[in-house]
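Participant: Provided below for reference: sequence and predicted model.
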Amino acid sequence: KQEVTQIPAALSVPEGENLVLNCSFTDSAIYNLQWFRQDPGKGLTSLLLIQSSQREQTSGRLNASLDKSSGRSTLYIAASQPGDSATYLCAVSNAGKSTFGDGTTLTVKP
Amino acid sequence: GAVVSQHPSRVICKSGTSVKIECRSLDFQATTMFWYRQFPKKSLMLMATSNEGSKATYEQGVEKDKFLINHASLTLSTLTVTSAHPEDSSFYICSARDSSKLAGGQNIQYFGAGTRLSVL
């Protein structure tokens, strides 16, 4: 059974800092891994999707890496802004299902 | 990009009533759709896998008779919460897998924006 863990559960940083969110998974036989953003009371916004054959994906200030063999992914956010405050979820897809981590709640202070 | 529309975005209902949530893939066909539930301050838990033209596959602990799933076409799946009670209040999210990309080895799910159900 796939298990996904996200560390830390919460993170508070001053504006402008670069930061890293971590995601680990127990079953490395995945199709892909996605990072999502969820604002309070809102749905999911897909940020980045990394296929199992890829090592990283970049979009603007976001960079996600994938090390399938070690069961880890990181989401790097450069020059954080207050608007980045949200909960970030990672989800791994294998055997037709997606398994989500519990998320990291990020607060970026002005 | 691929879009999944989920409707309604929010619903408030009285205890004992049934609520239907729709999940549509707008610009692609989806033989498989997924329904998730999110409890407050918790992650998303897969409830069931919905396959077009066949019965849904429910995860352990999910009541089939409580959460009715219908996937009658390649672009629409519905989740009906029957005889809703306050403990059914939650955030429900669907996702759809692009069938055309499976042949290319891609297993990509596109997520709806979610439906917040409040049962009074």
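Facilitator: Good, I have the coordinates. Residues are numbered from 1 along each chain as shown, chains lettered A, B, ... in the order given.
Participant: quick one: least confident helix or strand in chain A?
Facilitator: For chain A, counting by mean pLDDT, DSSP states H and E, strand A:97-100 ranks last in confidence among helices and strands (a mean of 86).
Participant: okay, now the sheet partners of that one, with direction.
Facilitator: Partner strands and pairing direction for strand A:97-100 (DSSP bridges) are strand A:86-94 (antiparallel).
Participant: contacts for the partner strand, please.
Facilitator: Residues from elsewhere that reach strand A:86-94 (C-beta atoms under 8 Å, 6 or more residues apart in numbering or on different chains): A:2, A:4, A:6, A:21, A:23, A:25, A:27, A:29-40, A:44, A:47, A:73, A:75, A:98-101, A:103-106, B:43-44, B:107, B:109. Where you see a C-beta, it was placed from the backbone N, CA and C, and this is true even at glycine.
Participant: filter those down to the buried ones.
Facilitator: A:2, A:4, A:6, A:21, A:23, A:25, A:30-38, A:44, A:47, A:73, A:75, A:98-101, A:103-106, B:43-44, B:107, B:109 (16 or more other C-beta atoms under 10 Å in any protein chain shown).
Participant: how about residue B:47, secondary structure?
Facilitator: Three-state call for residue B:47 (DSSP: H, G, I helix; E, B strand; the rest coil): strand.
Participant: grab the nearest non-local neighbour of residue A:64.
Facilitator: With C-beta to C-beta, 6 or more residues apart in numbering or on different chains as the criterion, residue A:64 has its nearest non-adjacent residue at 4.3 Å, and that residue is residue A:48.
Participant: so that neighbour, which state does it fall into?
Facilitator: strand.
Participant: my guess is it contacts residue A:66. True?
Facilitator: No. The pair residue A:48 / residue A:66 is not scored as a contact, 9.8 Å apart, by C-beta atoms under 8 Å.
Participant: neighbour count winner among those two?
Facilitator: Legend: neighbour count by other C-beta atoms under 10 Å in any protein chain shown for residue A:48 and residue A:66, higher for residue A:66 (24 against 20).
Participant: which residues touch the residue nearest to residue A:71 when sequence neighbours are not counted?
Facilitator: Closest residue in space to residue A:71, ignoring its immediate chain neighbours: residue A:25 at 4.8 Å, by C-beta to C-beta, 6+ apart. The neighbours of residue A:25, taking C-beta under 8 Å, 6+ apart as the test, are A:2-5, A:33, A:71-73, A:92, A:99.
Participant: hey, what's residue A:25 bridged with?
Facilitator: Note on residue A:25: beta-bridge partners by DSSP bridges are residue A:4.
Participant: contacting residues for residue A:52?
Facilitator: Taking C-beta under 8 Å, 6+ apart, we find residue A:52 in contact with A:30-33, A:66, A:68.
Participant: and residue B:33, by the same measure?
Facilitator: Here residue B:33 is in contact with B:23, B:25, B:49-50, B:71, B:77, B:94-97 (C-beta under 8 Å, 6+ apart).
Participant: close to chain A: what parts of chain B are there?
Facilitator: Those residues of chain B that sit near chain A, judged by C-beta under 8 Å from any C-beta of the partner chain, are B:6, B:9, B:32, B:34, B:36, B:42-46, B:49, B:93, B:95, B:97, B:106-114, B:116.
Participant: among those, which lie within helices?
Facilitator: Within the residues of chain B next to chain A, no residue falls in helices by DSSP state H.
Participant: and those residues, which are buried?
Facilitator: Neighbour-count burial (16+ other C-beta under 10 Å) is assigned, among the residues of chain B next to chain A, to B:6, B:32, B:34, B:36, B:43-46, B:49, B:93, B:95, B:97, B:107-112, B:114, B:116.
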